[in-house]
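Visitor: Have a look at this prediction, sequence included:
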Amino acid sequence: MWGVDYSSDLELVDKCLLAAVESNSEILQTEENKPFVRFVNFGSSALEFQLIFWSYNLFRIENTKSMIRFEIARIFKEQHITIPFNQVVIHKATDTPGDNQ
């Protein structure tokens with residue numbers, strides 16, 4: 001699953017994710033097994049996507065997924081697509097009970 005900043009161009013995200021598997025020789029590219037992108041959720045810190053693909057070599061699938069992750073990171077950086085980190089907002093009370101003296 002990939003999360004991108006809420007300000008991201010969603011069509012560009014889709015193109016970039018598909019481009020990451022386009023030249024990988026381990027990925028099936030047939031009409032019935034064509035890779036695709038699924039917009040999964042409006043997450044708390046990111047828009048969440050899945051990249052769905054099929055591989056010729058299930059024995060080495062973790063290596064294939066790693067190569068694809070490196071390629072996605074490279075393409076996102078090149079296209080200025082931000083992968084956000086979880087953000088937490090903490091509110092601090094400025095006036096606490098008993099400070100009115």
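Guide: Thanks, I have it.
Visitor: Quick one: name whatever helix or strand follows the worst-scoring helix or strand of the chain on mean pLDDT.
Guide: Lowest by mean pLDDT, DSSP states H and E among the helices and strands of the chain is strand 2-4, with a mean of 92. Next along the chain after strand 2-4, taking DSSP states H and E as the criterion, comes helix 10-22.
Visitor: and the lengthiest helix in the chain, what other elements does it pack with?
Guide: Across the chain, the longest stretch assigned as helix under DSSP state H is helix 61-78. Contacts defined by 3 or more C-beta pairs under 8 Å, 6 or more residues apart in numbering; DSSP states H and E place helix 61-78 against helix 10-22. All C-beta atoms are positioned from the backbone trio N, CA, C, and that covers glycine.
Visitor: CA atoms only for the helix it packs on, dumped as PDB, please.
Guide: Taking Å, rounded to 0.1, in the frame of the first residue of the first chain, the C-alpha atoms of helix 10-22 are listed here in PDB:
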ATOM      1  CA  LEU A  10      -4.100  11.500  -8.500                       C
ATOM      2  CA  GLU A  11      -3.700  10.800 -12.200                       C
ATOM      3  CA  LEU A  12       0.100  11.400 -11.900                       C
ATOM      4  CA  VAL A  13       0.200   9.000  -8.900                       C
ATOM      5  CA  ASP A  14      -1.600   6.300 -11.000                       C
ATOM      6  CA  LYS A  15       0.800   6.800 -13.900                       C
ATOM      7  CA  CYS A  16       3.900   6.700 -11.700                       C
ATOM      8  CA  LEU A  17       2.800   3.500  -9.900                       C
ATOM      9  CA  LEU A  18       2.200   1.800 -13.200                       C
ATOM     10  CA  ALA A  19       5.500   3.000 -14.600                       C
ATOM     11  CA  ALA A  20       7.300   1.400 -11.700                       C
ATOM     12  CA  VAL A  21       6.200  -2.100 -13.000                       C
ATOM     13  CA  GLU A  22       6.300  -1.400 -16.700                       C
END
